[in-house]
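Structure for the following, please:
(one chain, ligands or ions: 1)
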Amino acid sequence: MPDDRLTSSRTTATFGDQEVIRGEGGETHQVAGGDVPVLTTQQGIPVSDDQNSLRIGYRGPTALEDFHFREKIFHFDHERIPERVVHARGFGVHGYFETTDSLSDITRADLFQRAGEKTPVFVRFSTVAGNKGSPDLARDVRGFAVKFYTQEGNWDLVGNNIPVFFIQDAIKFPDLIHAAKQEPDRGFPQAQTAHDNFWDFISLSPESMHMALWIMSDRTIPRSFRFMEGFGVHTFRFVNAEGKSTFVKFHWKPKLGMQSVVWNEALKINGADPDFHRRDLWNAIQAGDYPEWELGVQLFDQDFAEKFDFDVIDSTKLIPEELVPVRIVGRMVLDRTVDNFFAETEQVAFCTQNIVPGIDFTNDPLLQGRNFSYLDTQLKRLGSPNFTYLPINAPKRPVNHFQQDGHMAMVNPKGRANYEPNSWGGAAGGPREAPDIGFKSYPAEEQGAKLRIRAETFSDHYSQARQFYISQTPVEQTHIADAFIFELSKVKTPAIRSRMVSHLMNVDDELADKVITGLRLEQKPKPADAARPTRKDLPASPALSILLNGPDSFKGRKVGVLVSDGVDIDLVKSLKEAVLAEGAMLEFVAPMVGGVKASDGTWIEGDEKINGAPSVVYDSVAILLSSAGAALLAKEATARDFVNDAFAHAKFIAYNTDAMPLLDKAGVAPDIDKGFVELKGSGDAKTFVQTCRKVRFWEREAKVKQV
Ligand code: HEM
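Numbering: from 1, shown residues only. A predicted model of the protein is given here:
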């Protein structure tokens, strides 16, 4: 006869669609059976009750022998690992790289030999300065790290979405990052460079000026990871089968074209959806809309390097594409989200020193330092030298070596031999060297005195900063000036503001003047003493502008459609059809998430409630309302903001006549411009989508922004 004390008395209960078992204290139990697996401990012991710890009597203390409780809590207590010291916030996805143009004459790297060959990849996009929980739209560099699981081992191209860097020598990295992150006494600000310490450091580091221009541009507020370029930054080497070296710079070019948001929008997105970028990538891949990039290489030899105006191993410089064209050699498609965020995105370990035969380093002092830093930090972050066995880090080719033991050793070598040379012979002796196919460093000739010194060839700090600025469209130049004004306005120490302006005076007078005016700097500073005068003869490089390299379609973008009860169903249908035909997405924003009843009684499900989806999360908007709906929404602040923000952020706006009262209350009716498309009949939806291909109606921006 079973002891009835072994199970408390239970009843059943219904919560909506769920029938559950209820314990004596009213707690919910769900029981295994059929397809539902049995809950076990880590040791595989089946669990009978996961709701109650083991106690003495009904209301007594918890028993120490409750191994299930202790194991569960112990494991939870140890769930966190240190976040990355930089690039803590990131989002990783899987995909593949396909070689489209063989580079066999230039490199022996296996992945570049055969056009049509596919190599699996894992990519992690990230911000740099913010902590793991920081918002996605921080003004920041985006990491663009790619792990290629090649047949000759893993190659990591650990890049950024900006082709240059802040500093020239890795020894400055801790200072740069300390200055950018939260100030140490107060622990803020988080995920932003708009504070004294950052600009203090930058304004005392003229080598950062080129990067400063890039980070104040719209490159640091991308609309989506899918719409940004990536760069390997450093000059690397390709080495071919004959041992000949060619210098190479790597470029990722998004097939969907580049696009960024505007700063006021970024600020609001951070509140509306701090996960905006990761959600965007997740949704696109889940919907089968796989983002794609082309891999391009700039190839050049020693002769070019010697004639080039700047040092090719100085990471604060780029080589304009107009000077050395980018040759497209492959494409990367991201087509699979992770099964588990921690196991993959968090535990992935990229490292610049992971290179394959046929690829090699140069003497770039930043790259040399990175090669030490990544492995070192990952040992701390992942807790064991065996992190290379984690599935996300393990090569997809056989790994044979004599490294053994350590924390979490999962795959120690088999057999007796764990050293070499040995005399065991054959398979029993374990792996041996492969002089023909093994990695060999390029035998670069190096000699000279041992010196702690910076080469004079690194000393031009302003010329490429100027070149970047003059390569921008007027709209982009205005954004750069505005960003400097915003950031420096957050700097409380006037001397730092003024010092930063003294550098901008060496970049471009007009830019410096705009910032001086915007800061209301009473006294114009003297230009900073330049180590080398700024060259004004470098031509503009159109490849550096986002707007000159934007999309030629609205594919991959998203329209937010504000709807109300009684909305004209034909307009809704034609708009949806036109948007989907373009390869874009559409979401219905309704007064209540349940949805609205259209003119013919059709029910339109809401994707979002109006206060949960401000227009900042869409690329363009449509305001399709009945007259009763417009009257109602005109009283709703979030609906007015929806329209007003779309207008202020220079978005294209579709509307129907009945929506006018809302446009009127939002204050935009008197300013209806060519960025608005009235939808009168079904044909107009197509016109609207075609108009949206320009992404923004920039002509409006100057009118809405007076300060
Ligand atoms: C061209 C300059 C640089 C680029 C493009 C770059 C890029 C990146 C990227 C993309 C990540 C994130 C990797 C991931 O998603 O897990 C990262 C992480 C990191 N970077 Fe850099 N970085 C640069 C310079 C440096 C320098 C100079 C150092 C140090 C000397 C450094 C140290 C680190 C460290 C310690 C991490 C964290 C790695 C981890 O915990 O897994 N980086 N970097």
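
for the stretch 51-200 of the chain, what spans make up the helices?
With DSSP state H, counting those that start in this stretch, the ranges of helices along the stretch 51-200 of the chain come out as 67-77, 173-180, 196-203.

Take those and write them to TSV, including mean neighbour count.
No exception for glycine: its C-beta is placed from N, CA and C like everyone else's. Shown next, in TSV, are the helices of the stretch 51-200 of the chain (neighbours: other C-beta atoms under 10 Å):
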stretch	mean neighbour count
helix 67-77	13
helix 173-180	17
helix 196-203	21
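
Any idea which of the ones you listed gets closest to Ile453?
Evaluated with C-beta to C-beta, the helices of the stretch 51-200 of the chain place helix 173-180 nearest to Ile453, the distance being 18.2 Å.

among the helices of the stretch 51-200 of the chain, which is nearest the ligand?
Ranking the helices of the stretch 51-200 of the chain by their distance to the ligand (criterion: C-beta to the nearest ligand atom) puts helix 173-180 first, at 3.8 Å.

so how far is that closest one off the chain centroid?
Helix 173-180 sits 20 Å away from the centroid of its parent chain (C-alpha atoms, centre = their mean, to the nearest Å).

name the helices or strands packed onto it?
Contact partners of helix 173-180 among helices and strands, from 3 or more C-beta pairs under 8 Å, 6 or more residues apart in numbering; DSSP states H and E: helix 196-203, helix 365-382.

sorry, back to before: now render the helices of the stretch 51-200 of the chain as a markdown table, adding distance to Ser626 and mean pLDDT.
Below are the helices of the stretch 51-200 of the chain laid out as a markdown table (distance: least, C-beta to C-beta, whole Å; pLDDT from 0 to 100):
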| stretch | distance to Ser626 | mean pLDDT |
| --- | --- | --- |
| helix 67-77 | 52 | 97 |
| helix 173-180 | 50 | 98 |
| helix 196-203 | 50 | 98 |
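
my guess is Ser615 meets Ala646, correct?
Yes - using C-beta atoms under 8 Å as the test, Ser615 is close enough to Ala646 to be in contact (4.1 Å).

Show me whatever sits in contact with both of the two.
When C-beta atoms under 8 Å, 6 or more residues apart in numbering defines a contact, the residues bordering Ser615 and Ala646 alike are Val621.

Identify whichever of the helices of the stretch 51-200 of the chain lies nearest to Asp280.
Between Asp280 and the helices of the stretch 51-200 of the chain, the shortest separation by C-beta to C-beta is 24.8 Å, and it involves helix 173-180.

what does the closest one rub up against?
Judged by C-beta under 8 Å, 6+ apart, the contacts made with helix 173-180 from elsewhere in the structure are 85-86, 128-129, 166-167, 184, 193, 197-198, 200-202, 205, 366, 369, 373.

So which of those reach the ligand?
Taking C-beta under 6 Å from any ligand atom as the test, the ligand is in contact with 85-86, 366, 369, 373 out of those.

What is the nearest of those to Phe122?
Taking C-beta to C-beta as the measure, Phe122 lies nearest Val86 of those, at 19.0 Å.

Quickly list what the residue nearest in space to the middle of the chain is bridged to.
When the chain is reduced to its mean C-alpha position, the nearest residue by C-alpha atoms, centre = their mean turns out to be Phe125, at 3.5 Å. Beta bridges link Phe125 to Phe91, Phe144, judged by DSSP bridges.

Give the ranges of residues in the protein that sit below the confidence cut-off.
By pLDDT under 70, the low-scoring segments of the chain are 1-2, 6-8, 706-707.

Enumerate the residues of it near the ligand.
84-87, 90, 124, 126, 143, 145, 158-160, 165, 170, 173, 233, 315, 348-350, 366, 369-370, 373-374, 377-378, 381.

which of the residues you listed are buried?
In the residues of the chain next to the ligand, burial by neighbour count holds for 84, 86-87, 90, 124, 126, 143, 145, 158-160, 165, 170, 173, 233, 315, 348-350, 366, 369-370, 373-374, 377-378, 381, counting by 16 or more other C-beta atoms under 10 Å.

Not counting its neighbours along the chain, what's nearest the residue in the chain positioned nearest to the ligand?
Going by C-beta to the nearest ligand atom, the ligand is nearest to Gly143 of the chain, at 2.8 Å. Among residues not flanking Gly143 along the chain, Ser126 sits closest, at 3.7 Å (C-beta to C-beta, 6 or more residues apart in numbering).

Phe588 reaches Gly606, doesn't it?
Yes - contact criterion C-beta under 8 Å: Phe588 and Gly606 qualify, at 5.4 Å.

returning to that earlier point: for the residue of the chain closest to the ligand, give me its contacts.
With contact taken as C-beta under 8 Å, 6+ apart, Gly143 is in contact with 87, 90, 124-128, 158-161.

Same question for Ala428.
Residues near Ala428 by C-beta under 8 Å, 6+ apart: 415-417.
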